[in-house]
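**Q** Next one to model:
(one chain, ligands or ions: 1)
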Amino acid sequence: MSTKKFQQSAAPLLEVKNLETAFDIDGAYYNAVDNVSFSVKPRQIVGVVGESGCGKSVMSLSIMQLLPKGIGKIRAGEIIFDGIHIEQLNENQINKIRGKDMSMIFQEPMTSLNPVFTIGSQIQEVLLNHQKISKKDARQKAISLLKSVGISRPERIVDEYPHQLSGGMRQRVMIAIAIACQPKLLIADEPTTALDVTVQAQILELIKEIQEVNDMSVILITHDLGVVAEMCDEVIVMYAGRIVEHTDAETLFYNPKHPYTTLLMGAIPKMEEETDRLSSIQGIVPSITNMKKTGCRFANRCPMAMPECQTVTPILADSGDGHKVACLLFESSRPKEGVTGR
Ligand SMILES: Nc1ncnc2c1ncn2[C@@H]1O[C@H](COP(=O)(O)OP(=O)(O)OP(=O)(O)O)[C@@H](O)[C@H]1O
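**A** Residues are numbered from 1 along each chain as shown. You can find the predicted model right below:
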């Protein structure tokens, strides 16, 4: 569990307020992210967990303004990064921030790296886009970045192509690209899922090291609660597009409150088992066209569900000591008289 101290009182680097992101399906928009609010402080590592299809990636793509054009859109809410309203920026404006002040790494580095360009030219491109630097210096910087992410013989690798590298090496290259301009925020979306276990540990270690050295904030999206325990200061648990629990990592592990979180914990695969990650909770996450409008979206799968869970929407609220939960088992989540919640 992370013991790193970030400034509790520091102003947030990122504030997401009541975010709703929707996709156009056959002419109608459906929310994949629904009324999501949270913040990330400087130097903080915030984990985002939840099964497949809960909206973790869509939330990150919204922050980065990388939603598929013409299909996905931010319908409501605010994303304030370093004082700037990201949701109001045009393409030119976001291009100045993306890759410089905030950047993202994805699950499968091969799909993010361009197969026809050398590793060096892909790192240099980011540097040349965002910094006043000569081509020669950018190449030198690319080499030192490769070295800093643990790639040996960087002088050779800089001229190689993505297919010549292993999966772990490619992810290191992606990290080098992401940190080239020393961003304040790194979003890592399942950065190790495609890698084997030993390489996974090395990559996570690397991210943590860079986070500490560069004083960077990180949003770490993962299926792996073990990773969250190891790396994160705070954890957001998402279910069906909504946050259902949000607290510090230690509290989440020792005192989970939402039945969904408790079930996720029970679903942590044992080391020796080749299980399908978090698949042992009965039932499936609803698709975005099938989300309940009122009531708790987890009610149909919840062993603790009460009849009212079908009709009353729990509010994500502080249940004590800043531990936020959205579940009617907790008084704090019950909508006030005359308010139906959402
Ligand atoms: N381009 C798209 N068009 C329509 N629906 C989409 C699109 N991208 C994502 N969705 C839907 O949005 C919901 C949230 O997806 P998202 O990828 O954010 O889930 P996730 O929690 O990141 O899952 P995973 O862990 O598998 O990446 C899902 O129901 C998904 O099918």
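
**Q** Stretch 64-81 and the ligand, are they touching?
**A** Yes. Stretch 64-81 is in contact with the ligand by C-beta under 6 Å from any ligand atom, via Pro68, Ile71, Gly72. In short, each C-beta sits where N, CA and C put it, glycine included.

**Q** check contacts around the nearest residue to Gly167 once chain neighbours are set aside.
**A** Ranked by C-beta to C-beta, 6 or more residues apart in numbering and with sequence neighbours excluded, the top spatial neighbour of Gly167 is Leu195, at 5.3 Å. Residues near Leu195 by C-beta atoms under 8 Å, 6 or more residues apart in numbering: Gly167, Gly168, Gln171, Ile203.

**Q** Same question for Arg172.
**A** Contacts of Arg172 were listed using C-beta under 8 Å, 6+ apart, and they are Leu146, Val149, Gly150, Ile151, Ile203, Leu206.

**Q** how near is it to the ligand?
**A** Distance from Arg172 to the ligand, counting by C-beta to the nearest ligand atom, to the nearest Å: 22 Å.

**Q** From Asn35, how far off is that residue?
**A** Taking C-beta to C-beta, to the nearest Å as the measure, Arg172 falls 37 Å from Asn35.

**Q** ok, now Leu263?
**A** 23 Å.

**Q** try Met169
**A** 40 Å.

**Q** Between these two, which has more neighbouring residues?
**A** Shown here are Met169 and Asn35; by other C-beta atoms under 10 Å, Met169 has more neighbours (21 against 18).

**Q** pLDDT of the helix or strand harbouring the more buried one, averaged?
**A** According to DSSP states H and E, Met169 maps onto helix 167-179. If you average the pLDDT over helix 167-179, you get 91.

**Q** Next secondary structure after that helix?
**A** strand 185-189.

**Q** Could you show which parts of this structure are in contact with the ligand?
**A** 23, 25, 32, 50, 52-58, 68, 71-72, 287-288.

**Q** what about 5 Å?
**A** Residues of the chain lying close to the ligand (C-beta under 5 Å from any ligand atom) are Phe23, Ala32, Ser52, Gly53, Cys54, Gly55, Lys56, Ser57, Val58, Pro68, Ile288.

**Q** Centroid-nearest residue for the chain?
**A** The residue lying closest to the centre of the chain (C-alpha atoms, centre = their mean) is Ile221, at 3.6 Å.

**Q** Tell me where the stretch 1-150 of the chain has strands.
**A** 14-25, 28-40, 45-49, 72-81, 84-85, 102-105 (DSSP state E, counting those that start in this stretch).

**Q** And for the stretch 151-300 of the chain?
**A** Using DSSP E, counting those that start in this stretch, strands in the stretch 151-300 of the chain cover 185-189, 217-221, 234-239, 242-248.

**Q** Quick check: which of those is buried the most?
**A** strand 234-239 (a mean of 26; mean count of other C-beta atoms under 10 Å).

**Q** Each with direction, which strands does that one pair with?
**A** strand 45-49 (parallel), strand 242-248 (antiparallel) (DSSP bridges).

**Q** Dump those strands to a markdown table, plus mean pLDDT.
**A** Listed next are those as a markdown table, based on pLDDT from 0 to 100:
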| stretch | mean pLDDT |
| --- | --- |
| strand 45-49 | 97 |
| strand 242-248 | 97 |
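
**Q** Format the ones you listed as a markdown table; extra columns: distance to Ile133.
**A** Below are those laid out as a markdown table (distance: least, C-beta to C-beta, whole Å):
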| stretch | distance to Ile133 |
| --- | --- |
| strand 45-49 | 29 |
| strand 242-248 | 40 |
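
**Q** quick one: stretch 161-172 to chain centroid distance?
**A** Centre-to-centre, stretch 161-172 and its host chain are 22 Å apart (C-alpha atoms, centre = their mean, to the nearest Å).

**Q** which parts of it are buried?
**A** Within stretch 161-172, the residues scored as buried using 16 or more other C-beta atoms under 10 Å are Pro162, Leu165, Gly167, Gly168, Met169, Arg170, Gln171, Arg172.
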